[in-house]
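Q: Model the following, please.
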Amino acid sequence: MLEVVLILNALWFFGGFHVFLIRREIFAKIIVPRAERDTPVFRTLVETGRFMGGFNFAFFVLNVLLLLNLDIFDNKQQWAILLFAIAVAHGSQFFGNVPIALQNLRGQGVWQVFKGLMLLIFVVDFTLMVFNGALSVMYFF
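A: All right, here's what the predicted structure looks like:
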């Protein structure tokens, strides 16, 4: 089970790296309405993708290194701490979208959480937060 969760994490974080850093302009177009793309703020959003891409790349590398070195952490509580930190990373992305999702339910919000790529991000980050968190709890006790 641990290996499966680490592989899913690595794939997801690599996808985040690719979307936010490599394809940051395309991602920004998903978030920003067409009428507002000719503003300096749009370019600023595009360039901030570098930060999100870097964050995702770091967690991708962490998960790959953990997969390649499973035997280094021989204490279940060590795994619990690592998995909890990864759950927090996924959770930060999920909970960052919750206020926008609530606004969407009222017909507002600066982007659509319940459509397309944003829905995928919302659901997968929640799911991986739960998987990592549950495994962390199992290892801790």
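
Q: for the nearest residue to residue 52 once chain neighbours are set aside, helix, strand, or coil?
A: The spatial neighbour of residue 52 that comes closest, neighbours along the chain excluded (Cβ to Cβ, 6 or more residues apart in numbering), is residue 20 at 3.8 Å. To be clear about C-beta, it is placed using only N, CA and C from the backbone, and glycine gets the same treatment. What DSSP: H, G, I helix; E, B strand; the rest coil gives for residue 20 is helix.

Q: Tell me who's in contact with residue 20.
A: If you count contacts by Cβ atoms under 8 Å, 6 or more residues apart in numbering, residue 20 has them with 27, 49-50, 52-53, 56.

Q: Counting neighbours, what do you get for residue 63?
A: 22 (other Cβ atoms under 10 Å).

Q: doesn't residue 10 make contact with it?
A: Yes: using Cβ atoms under 8 Å, residue 63 is in contact with residue 10, at 3.9 Å.

Q: any common contacting residues for these two?
A: With Cβ under 8 Å, 6+ apart, residue 63 and residue 10 have no common neighbours.

Q: Please pull up the helix or strand immediately following the least confident helix or strand in the chain by mean pLDDT.
A: Among the helices and strands of the chain, helix 24-31 carries the lowest confidence by mean pLDDT, DSSP states H and E, at a mean of 88. As assigned by DSSP states H and E, the chain's next helix or strand after helix 24-31 is helix 40-68.

Q: Show me what that following helix is packed against.
A: The contact analysis (3 or more Cβ pairs under 8 Å, 6 or more residues apart in numbering; DSSP states H and E) places helix 40-68 against helix 2-17, helix 24-31, helix 76-105.

Q: possible to save those helices as JSON lines with mean neighbour count and distance to residue 41?
A: Shown next, in JSON lines, are the helices and strands packed on helix 40-68 (neighbours: other Cβ atoms under 10 Å; distance: least, Cβ to Cβ, whole Å):
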{"stretch": "helix 2-17", "mean neighbour count": "18", "distance to residue 41": "22"}
{"stretch": "helix 24-31", "mean neighbour count": "17", "distance to residue 41": "10"}
{"stretch": "helix 76-105", "mean neighbour count": "16", "distance to residue 41": "17"}
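
Q: and those, which one's lowest on average pLDDT?
A: Ranked by mean pLDDT, the helices and strands packed on helix 40-68 end with helix 24-31 at the bottom, a mean of 88.
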